[in-house]
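J.: heads up, no residue letters with this:
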């Protein structure tokens, strides 16, 4: 059989580390211009030439990106006779029988490409552009009975819908149950590591240096805490995150929750006499039914020191009554020992209220601080990005990072909005919405509403 010689360009030092890495999950990159896509094509070629019959898969978010960044360059890299390419199936087959499949994944429907198939090696290019549950399902197809070691290689830049999970796994190394730290490796490659690019395009580094500060720090220096499109640019760990201290007993304290079976988030907030908010405790736990959620919240209160909570704010949808039981989730929380106060679900107003609290004043102070032990809120708040369609709103993806900020939003809008108008002594002027909820409530629910909102003044 006639042999076909493939001459590959020499890799650069960081690319060599990537090509030699034998961890199960390897992330490569962290900035623009690090030679990531090139390294994927070289790695796939070396593996397919060295091992007969293996199956590799290269994944991008869209087909157009896949074609431009991999299919066309791949066909230009390889000499004729070294492969056959099936354009309808998007499969490149080497002479030895190994194959490279080209696939894309923009939404859940695209996961069909990874159902019931097995790959020995998967390359996910620009992994921060895909959601975490897409990554997990794609990675799950990296399996098989042959002895070839299974690998998942990722390239990445800061930013995008997948920023949070890539940062968690490969930068922060914050692992969850079932994730083995020994299986993960991160190789950072900056544009300054790509000497060939700088030689061929000497102005590229200057282009990155001329970008707006946040994008420059992310794309040029690979900073993962600074994201282009970050909603809360006001957030600064060096200012807003502080060491815990003993909160005076006389300070008024609040809680705020965001509840769902997928995640319960509860924040404890204390208010100083100067009306500065201190988020001093958090609860971040999944798979809790309402009775368990109420119990966990209540048991975290420091009863030995007389900790008293003035109000617990919650989203209005918890007051929607179930068709099956006729009860609302708020009523079920109440029956489980936790009284809730309805907050406002105006997203844009709520986020703007948080921005006001985070804003750095002329004297260097702010109106909200976070104790260091509130690790989930501190991690997730700066990850929120602008919604592409609603410029004053936050994007609600990835969903797993939104729970703690949502709880903070329910507090911020409820605490900063004007107090209800007080009528005659001992009564409060209720809003139209409050009267509507009262009219629909059962006798026990009405008692609960009066207890939470105060005795209503006569309707006008």
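T.: Cool, the structure landed. The structure displayed is predicted, hence computed values, not measured ones.
J.: any idea how far residue 453 is from residue 55?
T.: 63 Å (Cβ to Cβ, to the nearest Å). To be clear about C-beta, it is placed using only N, CA and C from the backbone, and glycine gets the same treatment.
J.: And for residue 67?
T.: 59 Å.
J.: domain assignment for this structure?
T.: As assigned by automatic domain parsing, the chain contains the domains 13-219, 237-416, 418-460.
J.: okay if I get those domains as a markdown table plus mean pLDDT and distance to residue 230?
T.: Output for the domains of the chain, formatted as a markdown table (pLDDT from 0 to 100; distance: least, Cβ to Cβ, whole Å):
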| stretch | mean pLDDT | distance to residue 230 |
| --- | --- | --- |
| domain 13-219 | 87 | 7 |
| domain 237-416 | 90 | 6 |
| domain 418-460 | 70 | 30 |
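J.: Let's have those domains in TSV, adding distance to residue 231.
T.: Shown next, in TSV, are the domains of the chain (distance: least, Cβ to Cβ, whole Å):
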stretch	distance to residue 231
domain 13-219	12
domain 237-416	4
domain 418-460	25
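J.: Adding mean neighbour count, write those out as CSV.
T.: Listed next are the domains of the chain as CSV, based on neighbours: other Cβ atoms under 10 Å:
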stretch, mean neighbour count
domain 13-219, 18
domain 237-416, 17
domain 418-460, 13
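J.: Quick one, which of the ones you listed gets closest to residue 225.
T.: domain 237-416 (6.7 Å; Cβ to Cβ).
J.: Ends of that closest one, what's the gap?
T.: Using Cα to Cα, to the nearest Å, one end of domain 237-416 lies 23 Å from the other.
J.: quick one: that domain to chain centroid distance?
T.: Distance of domain 237-416 from the chain centroid (Cα atoms, centre = their mean, to the nearest Å) equals 17 Å.
J.: same question, stretch 43-55
T.: Stretch 43-55 sits 34 Å away from the centroid of its parent chain (Cα atoms, centre = their mean).
J.: got the contact list for it?
T.: By Cβ atoms under 8 Å, 6 or more residues apart in numbering, the residues outside stretch 43-55 that reach it are 6, 8, 18-19, 56, 58, 74, 77-78, 94, 96-101, 118-121, 123, 144, 146, 148, 153.
J.: Stretch 318-331 now?
T.: Here stretch 318-331 makes contact (Cβ under 8 Å, 6+ apart) with 259, 290, 314, 333, 340, 342, 437, 440, 442, 444, 445, 448.
J.: next one: stretch 296-314
T.: 249, 252-259, 264, 266, 268, 281, 283, 285, 288, 330, 333, 337-343, 410-411, 414-415, 452.
J.: now for that stretch, what's the gap between its first and last residues?
T.: Stretch 296-314 end-to-end distance (Cα to Cα) = 16 Å.
J.: Repeat that for stretch 358-366.
T.: Start-to-end, stretch 358-366 (Cα to Cα) is 6 Å.
J.: And for stretch 428-446?
T.: 15 Å.
J.: Show me where the stretch 51-200 of the chain has its helices.
T.: Using DSSP state H, counting those that start in this stretch, the helices of the stretch 51-200 of the chain run over residues 63-66, 72-77, 132-140, 163-166, 195-200.
J.: so how far is the longest one off the chain centroid?
T.: When you say that, I think you mean helix 132-140. 15 Å.
J.: now do stretch 156-175
T.: Counting by Cα atoms, centre = their mean, stretch 156-175 comes out at 8 Å from the chain centroid.
J.: do the same with stretch 111-121
T.: 25 Å.
J.: ok, and what's touching that stretch?
T.: Residues outside stretch 111-121 that contact it (Cβ under 8 Å, 6+ apart): 44, 47, 54-57, 101, 103-105, 134, 137-138, 140-144, 146, 148, 150-153.
J.: 7 Å instead?
T.: 47, 54-57, 103, 105, 134, 137-138, 141-144, 148, 150-151 (Cβ atoms under 7 Å, 6 or more residues apart in numbering).
J.: Show me the contacts of stretch 318-331 that map onto strands.
T.: Among the contacts of stretch 318-331, the ones falling in strands (DSSP state E) are 259, 314, 342.
J.: Using TSV, please lay out those together with distance to residue 242.
T.: Converted to TSV, the ones in strands among the contacts of stretch 318-331 look like this (distance: Cβ to Cβ, whole Å):
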residue	distance to residue 242
259	28
314	27
342	30
